[in-house]
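Asks: the following comprises the amino acid sequence and a computationally predicted model.
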There are 2 protein chains.
Amino acid sequence: MPRAGDGERNAAGVDPEQLWLRPAESRRGRKPSFSREQITETAVALADAEGLEAVTMRRVAAEVGAGVMSLYSYAPDKETLLELMVDHVSGELPATDARTGDWRADLKTIAHLQRALMLRHPWLPGALATRRSLGPHTLAFLESVLAALRPTGLDGAARLEAFAQLTAFVSGHVSYEIAQATAARSADRSAAEARYLATVAADGHHPELAEALAAPGRPLTPEATFTRFLDRLIDGLDSD
Amino acid sequence: MPRAGDGERNAAGVDPEQLWLRPAESRRGRKPSFSREQITETAVALADAEGLEAVTMRRVAAEVGAGVMSLYSYAPDKETLLELMVDHVSGELPATDARTGDWRADLKTIAHLQRALMLRHPWLPGALATRRSLGPHTLAFLESVLAALRPTGLDGAARLEAFAQLTAFVSGHVSYEIAQATAARSADRSAAEARYLATVAADGHHPELAEALAAPGRPLTPEATFTRFLDRLIDGLDSD
DNA sequence: TCTATTCTCGTACGCTGTACGGAATGAATG
DNA sequence: CATTCATTCCGTACAGCGTACGAGAATAGA
């Protein structure tokens, strides 16, 4: 399972049974004007376009064309809405049940798909850092990763841990990748930072930093770096 | 450098030159009643005791015995205060300049120190997920890791990236570790979750999940898992 | 003593998530 | 058909957040 908490006090959230196991058999009462799907999709689109911090209840409601408090008929709180968003985009991951016979290759393929998903939804690593989803799409993905991990010979707990570790790795890498890209894009900020680092490097107390900054080497593509670290991680997965 | 951003709109922060390069030569004017150090330490203590979300400007001010707005004489905004906190605790990392001659062992030692730091300050992974510090302690630590990485033969950019990747890995792992521990501690929540997962596992569509949950295997200590993944990552560091 | 400078902090504003409760809706019941 | 009652819709309100503003207090140099 993906990680959660991150040192904050346990965010708790809502009972997963209540959240995910609802055939929704409301016979009586007023007909819903919106749908959970619709609201979730709107929130996802908003996060894609303007970042996770643009996703406020008021903003989502406005975008959907509903009153703010109407959202609370579809999700008990904002935290839950975020879980719905995470699970929703997880549905974009194809259920690659076609195993090639080489589990390492399979896992690498999966990780690259996960990376692509996170690049498509740059808010996803940030959202995953503080919560996890146990929704149907997430569980389907978990299921397929567990299947891919079967040939490793790892036991149950270890397979679950490997899944968490891989997700955390991809998430961490994409975070870094995005940070680099946006830093390069906002010129002022990164220029000030570069000047500051140059100052520090020139003080004589940071020779290693000075050299690392001076000799950048061939610029690796993020993709290449990702692949390299990923391969290390996966290749060593079944040892001991 | 550690990661930042996490898909959120660039939090920006404040010019690092303004922040970190200040001999503070105020001759005239009223004497400060507090100090940046004091405020930072208070905030760290608060986060240690009650989590990162307890660190509000009002709360820190109250704890310090100052008015809320007085904090803004010492840090231009909350984001900066968090950077100060991150750099402050980074000062607890010993500058292990004693290299053993085995760079892999050196890096593993460093990573274990980092993990211990994060376990001591459980809010740190969460804080690191959205920002990074370029303060003196952080840079000193960076310097020592770069030195340890020198024998790998990686070029400048690759060494910086390796540092970021290692930090992200440790951070990710400790997040997971903490989440597991706190989940186990809050009985209600994890019981509901276990029941839900059991339901899902029983639906026939998640055989892998069912088996992974059923056959937990010997319970690995977090420490052991950490070491195992860390070793994989570091052992493969110089290949390409 | 006067003046320039700096720190202190009460008040206030706009933002957040969401509790509450009344109005609207519509299926089930009498 | 009238009534009941579950359900959804949502305006209002509240506590809490980060922080802009500016008035007052303190201090060093002139």
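Replies: All right, it came through fine.

Asks: centroid-wise, who is the farthest residue in chain A?
Replies: residue A:204 (39.7 Å; C-alpha atoms, centre = their mean).

Asks: using the three-state scheme, assign that one.
Replies: Of the three states, residue A:204 takes coil under DSSP: H, G, I helix; E, B strand; the rest coil.

Asks: please tell me how far it sits from residue B:146.
Replies: As judged by C-beta to C-beta, to the nearest Å, residue A:204 and residue B:146 stand 15 Å apart. Every residue, glycine included, has its C-beta placed from N, CA and C.

Asks: chain A against DNA strand C: which residues are in contact?
Replies: A:27-31, A:55-59, A:68-69, A:72, A:77-79 (C-beta under 7 Å from any atom of the strand).

Asks: try 6 Å this time
Replies: For chain A, the contact set with DNA strand C under C-beta under 6 Å from any atom of the strand comprises A:27-31, A:56-59, A:68-69, A:77-78.

Asks: what's the closest of those to residue A:120?
Replies: Using C-beta to C-beta, residue A:59 comes nearest to residue A:120 of the residues of chain A next to DNA strand C, at 21.1 Å.

Asks: measure the closest residue to residue A:73 other than its chain neighbours to residue B:100 for me?
Replies: Spatial nearest neighbour of residue A:73, chain neighbours left out: residue A:32 (7.1 Å); criterion: C-beta to C-beta, 6 or more residues apart in numbering or on different chains. As judged by C-beta to C-beta, residue A:32 and residue B:100 stand 65 Å apart.

Asks: for residue A:25, same thing?
Replies: Distance from residue A:25 to residue B:100, by C-beta to C-beta: 66 Å.

Asks: one more: residue A:146?
Replies: For residue A:146, the distance to residue B:100 - C-beta to C-beta - is 39 Å.

Asks: these two: who's more crowded?
Replies: Neighbour count, other C-beta atoms under 10 Å in any protein chain shown: between residue A:146 and residue B:100, residue A:146 has more, with 22 against 11.

Asks: residue contacts, that one?
Replies: A:159, A:160, A:163, B:208, B:209, B:212 (C-beta atoms under 8 Å, 6 or more residues apart in numbering or on different chains).

Asks: surely residue A:212 touches residue B:159?
Replies: Yes - counting by C-beta atoms under 8 Å, residue A:212 does reach residue B:159; the two are 5.3 Å apart.

Asks: mind showing which ranges of chain A have poor pLDDT?
Replies: Chain A contains residues with pLDDT under 70 at A:1-12, A:23-24, A:97, A:216-218, A:239-240.

Asks: what about the helices in it?
Replies: All helices of chain A, identified by DSSP state H, fall at A:16-20, A:36-50, A:57-64, A:78-90, A:103-120, A:124-130, A:136-149, A:156-185, A:187-201, A:207-214, A:222-235.

Asks: get me the contact residues on chain A for DNA strand D.
Replies: Counting by C-beta under 6 Å from any atom of the strand, the residues of chain A near DNA strand D are A:26, A:28, A:29, A:30, A:32, A:33, A:34, A:66, A:67, A:69, A:70, A:73.

Asks: same thing but at 7 Å, please
Replies: Contacts of chain A with DNA strand D, taken as C-beta under 7 Å from any atom of the strand, map to A:26, A:28-34, A:66-70, A:72-74.

Asks: list the buried ones in stretch A:16-35?
Replies: A:16, A:17, A:19, A:20, A:34 (16 or more other C-beta atoms under 10 Å in any protein chain shown).

Asks: and those residues as a markdown table, adding distance to chain B?
Replies: Shown next, in a markdown table, are the buried residues of stretch A:16-35 (distance: C-beta to the nearest C-beta, whole Å):
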| residue | distance to chain B |
| --- | --- |
| A:16 | 4 |
| A:17 | 5 |
| A:19 | 9 |
| A:20 | 7 |
| A:34 | 26 |
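
Asks: export those as TSV, with columns for distance to residue B:133.
Replies: Shown next, in TSV, are the buried residues of stretch A:16-35 (distance: C-beta to C-beta, whole Å):
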residue	distance to residue B:133
A:16	36
A:17	41
A:19	37
A:20	39
A:34	43
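
Asks: name the nearest of those residues relative to residue B:109.
Replies: Set against residue B:109, the nearest of those by C-beta to C-beta is residue A:16 (39.9 Å).

Asks: leaving out sequence neighbours, find the closest residue to that closest one.
Replies: residue B:196 is the one closest to residue A:16 (C-beta to C-beta, 6+ apart), at 4.2 Å.

Asks: same deal with residue A:52?
Replies: Nearest to residue A:52 is residue A:123, by C-beta to C-beta, 6+ apart, at 4.0 Å.

Asks: gap between the one you found and residue A:174?
Replies: Residue A:123 sits 11 Å away from residue A:174 when distances are taken as C-beta to C-beta.

Asks: now do residue A:142
Replies: Counting by C-beta to C-beta, the gap from residue A:142 to residue A:174 is 19 Å.

Asks: same check on residue A:86?
Replies: The gap separating residue A:86 from residue A:174 is 14 Å, by C-beta to C-beta.

Asks: what does residue A:65 give?
Replies: Going from residue A:65 to residue A:174 by C-beta to C-beta gives 33 Å.

Asks: pick out whichever of those two has more residues nearby.
Replies: Taking other C-beta under 10 Å, residue A:65 and residue A:174 do not tie; residue A:174 has more neighbours (27 against 11).

Asks: stretch A:132-140 near chain B at all?
Replies: Yes - contact of stretch A:132-140 with chain B (C-beta under 8 Å from any C-beta of the partner chain) involves A:134, A:139.

Asks: for that stretch, buried residues please.
Replies: A:132, A:133, A:134, A:135, A:137, A:138, A:139, A:140.

Asks: distance between that stretch and the chain's centre?
Replies: Between the centre of stretch A:132-140 and the centre of its chain there are 12 Å (C-alpha atoms, centre = their mean, to the nearest Å).
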